[in-house]
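Chemist: would you be able to build a 3D model of this:
(chains A and B)
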Amino acid sequence: SAVISQKPSRDICQRGTSLTIQCQVDSQVTMMFWYRQQPGQSLTLIATANQGSEATYESGFVIDKFPISRPNLTFSTLTVSNLSPEDSSIYLCSVQGNTEAFFGQGTRLTVV
Amino acid sequence: DQQVKQNSPSLSVQEGRISILNCDYTNSMFDYFLWYKKYPAEGPTFLISISSIKDKNEDGRFTVFLNKSAKHLSLHIVPSQPGDSAVYFCAASAKISGAGSYQLTFGKGTKLSVIP
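Modeler: Numbers count the residues shown, from 1 in each chain, chains lettered A, B, ... in the order given. Here you go, the predicted structure:
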């Protein structure tokens, strides 16, 4: 298993600003994953972050809106840029075990 | 188009009775299925899983059944306890070719309330 610390746990942001979410893992991992859970919806993969290379984004997500950093094998950040109320969601970082994924506690973002 | 569907957004069950949460999928490439439990203000935590080559996996009060021909799986909790009240997500996994990893696809979740 893996222990994942994610912060902030919640934030309220003004539209047009940005929020950076940090994710720290207690072990070295090759890939880290960022998900979004919009209200009443499933968890949707935003991107996969590999250390030493650019993140791979899923359809519908772009680097300008969701820039990701992966400076080492235990840490990653996701920035949600130019916030609008539609970005109000829970954002989760995740790492994969052999068969199951482990998640941070999530960041609940509210854009006003 | 949703590849993993949980058609019941909520379920209420009396304490001590059985809770049955259902999940349907459409993609035949899924080879592993998982259930996650999520409390408010926490991330999802892994609960139980099943390989596509099996039809049942049991872990204490939790049993997952897989019907491949119907592309359907279910989670049984018996007996249900008030602490089981949470949102349960069904997830399906497919290997990513050449990547050594897998892609998880989640359902929308079912909120289980166990009434004392």
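
Chemist: what about residue 59, neighbour count?
Modeler: Using chain A here. Neighbourhood size, A:Ser59 [other CB atoms under 10 Å in any protein chain shown]: 6. C-beta coordinates here come from the backbone N, C-alpha and C atoms, glycine included.

Chemist: actually it's chain B I care about, not the one you picked
Modeler: Other residues close to B:Asp59 by other CB under 10 Å number 10.

Chemist: three-state assignment of whatever residue of chain B ends up closest to chain A?
Modeler: Distances between chain B and chain A by CB to the nearest CB are smallest at B:Gly43, namely 3.6 Å. Counting by DSSP: H, G, I helix; E, B strand; the rest coil, the backbone at B:Gly43 sits in coil.

Chemist: what residues are up against the nearest residue to it once chain neighbours are set aside?
Modeler: Counting by CB to CB, 6 or more residues apart in numbering or on different chains, A:Phe103 is the residue found nearest to B:Gly43 once chain neighbours are left out, at 3.6 Å. Taking CB atoms under 8 Å, 6 or more residues apart in numbering or on different chains, we find A:Phe103 in contact with A:4, A:35, A:92-94, B:36, B:43-45.

Chemist: of these, closest to A:Thr110?
Modeler: Of all these, A:Leu92 has the smallest distance to A:Thr110: 15.8 Å, by CB to CB.

Chemist: say whether chain B is contacted by stretch A:21-29.
Modeler: No - Stretch A:21-29 stays clear of chain B (CB under 8 Å from any CB of the partner chain), getting no nearer than 10.5 Å.

Chemist: how about that stretch as PDB, C-alpha atoms only?
Modeler: Below are the C-alpha coordinates for stretch A:21-29, written out as PDB (Å, rounded to 0.1, in the frame of the first residue of the first chain):
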ATOM      1  CA  ILE A  21      -2.600  21.100  -5.200                       C
ATOM      2  CA  GLN A  22       0.300  19.200  -3.800                       C
ATOM      3  CA  CYS A  23       0.600  15.400  -3.500                       C
ATOM      4  CA  GLN A  24       3.300  13.600  -1.500                       C
ATOM      5  CA  VAL A  25       3.700   9.800  -1.500                       C
ATOM      6  CA  ASP A  26       5.600   7.900   1.100                       C
ATOM      7  CA  SER A  27       7.400   5.800  -1.500                       C
ATOM      8  CA  GLN A  28       9.000   6.300  -4.900                       C
ATOM      9  CA  VAL A  29       6.600   5.700  -7.700                       C
END
